[in-house]
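Visitor: Kindly return the folded structure for what I paste below:
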Amino acid sequence: MKIALSALALCALLVGVAQGQDKSSDQKRAEAAAAQQNARGAALLKEGKLEEAVAELQKAAEAAPKSAVIQSNLAYAYDRQGKTDEAVAAYRKLLELEPGNAIARNNLANLYSKQGLYDDAVHELEDLVQRDPANATAKANLESVMKNKAVTQERQDQVTGALKGTEAKPNDPQAAYNAAQIYARSGDPDNAFTWLAKALDLGYDRLEYLSIDPSLASLKKDPRFLKLLEERRAPR
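Guide: So this is what the prediction gives:
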């Protein structure tokens, strides 16, 4: 089971745009418009209107590409919307503008971890810890990512070993069943069912054990599990 990273959501929406000096009238008007769009986007986010919020924040970011505040809100909005790739790109842009933004770096690491890009997550968190050695959240998240990386690697090794077993004994129902167990424990139900069906096709006949095998616990709520058992128990 993956260990969740902590304290990775923005605590509050930001609605301002930094105002500089000695700017042209056009620049000031553009920034004022961006500030209004950012404020509307922030309000829409609070209301849970994600698509409308993203649209406003995208316009604001185009109008004020150097605004870290807008970029922060846009990244957060993408994350809320489930658009991971877009959120990653937005957080990267934000960190170009504000390399020391601890929340952004934590959030980016969280997204990398969700994508299984543990090395990238580790890189971001190590950078954050180096910048802020007293950041307890970053240290805890770094430890969690390292554990998740180790667990994932262990499961990948188990899958590799199981597949080698099926290659060595292509007609052995137990080898196919072992592969089904590994995939089920790894959270890959599609491959688990594929190998379970193959095991049964090859002659695996302990049908009653399937219902109590703890390795297959994650499959039991899937309609395919009961259907598979019914098909195999039916007289032929």
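
Visitor: alpha carbons only for contacts and neighbour counts from here, please
Guide: Will do.

Visitor: And the residue nearest the centre of the chain?
Guide: residue 114 (2.3 Å; CA atoms, centre = their mean).

Visitor: pLDDT score assigned to it?
Guide: With respect to pLDDT, residue 114 scores 90.

Visitor: likewise residue 233?
Guide: So residue 233 comes in at 79 (pLDDT).

Visitor: Kindly report the same for residue 146.
Guide: 93.

Visitor: Confirm for me that it is in contact with residue 122.
Guide: Yes. Using CA atoms under 8 Å, residue 146 is in contact with residue 122, at 7.3 Å.

Visitor: the more surrounded of the two?
Guide: Taking residue 146 and residue 122 together and counting by other CA atoms under 10 Å, residue 122 has the greater number of neighbours (22 against 17).

Visitor: Out of the helices and strands in this protein, which is least certain?
Guide: helix 25-46 (a mean of 86; mean pLDDT, DSSP states H and E).

Visitor: which other helices and strands contact that one?
Guide: Applying 3 or more CA pairs under 8 Å, 6 or more residues apart in numbering; DSSP states H and E, one finds that helix 25-46 makes contact with helix 50-63, helix 68-81.

Visitor: how about the lengthiest helix in the chain: buried residues?
Guide: Using DSSP state H to define each element, the chain has its longest helix at helix 136-168. Neighbour-count burial for helix 136-168 flags 137-139, 141-146, 148-149, 151-152, 155, 158-159, 162-163, 165-166 (criterion: 16 or more other CA atoms under 10 Å).

Visitor: and the protein, what are its domains?
Guide: The chain breaks down into these domains under automatic domain parsing: 25-148, 169-233.

Visitor: Kindly compare burial across these and name the winner.
Guide: domain 25-148 (a mean of 20; mean count of other CA atoms under 10 Å).

Visitor: next one: stretch 217-235 to chain centre, how far?
Guide: Remark: stretch 217-235 is offset 30 Å from the chain centroid, using CA atoms, centre = their mean, to the nearest Å.

Visitor: what's in contact with that stretch?
Guide: 184, 185, 187, 189, 193, 197, 207, 211 (CA atoms under 8 Å, 6 or more residues apart in numbering).

Visitor: can you pull the alpha-carbon coordinates of it into CSV?
Guide: Only the C-alpha atoms of stretch 217-235 are listed here, as CSV (Å, rounded to 0.1, in the frame of the first residue of the first chain):
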residue,chain,number,x,y,z
ALA,A,217,-8.9,-10.5,-1.7
SER,A,218,-8.7,-7.4,-3.9
LEU,A,219,-10.5,-9.2,-6.7
LYS,A,220,-13.5,-10.5,-4.8
LYS,A,221,-15.6,-7.3,-5.1
ASP,A,222,-15.0,-7.3,-8.9
PRO,A,223,-18.0,-8.8,-10.8
ARG,A,224,-15.5,-10.7,-12.9
PHE,A,225,-14.5,-12.8,-10.0
LEU,A,226,-18.0,-14.3,-9.3
LYS,A,227,-18.6,-14.6,-13.0
LEU,A,228,-15.4,-16.6,-13.4
LEU,A,229,-16.3,-18.9,-10.6
GLU,A,230,-19.8,-19.5,-11.9
GLU,A,231,-18.5,-20.3,-15.4
ARG,A,232,-16.0,-22.8,-14.1
ARG,A,233,-18.5,-24.5,-11.7
ALA,A,234,-21.1,-24.9,-14.3
PRO,A,235,-21.4,-28.4,-15.7
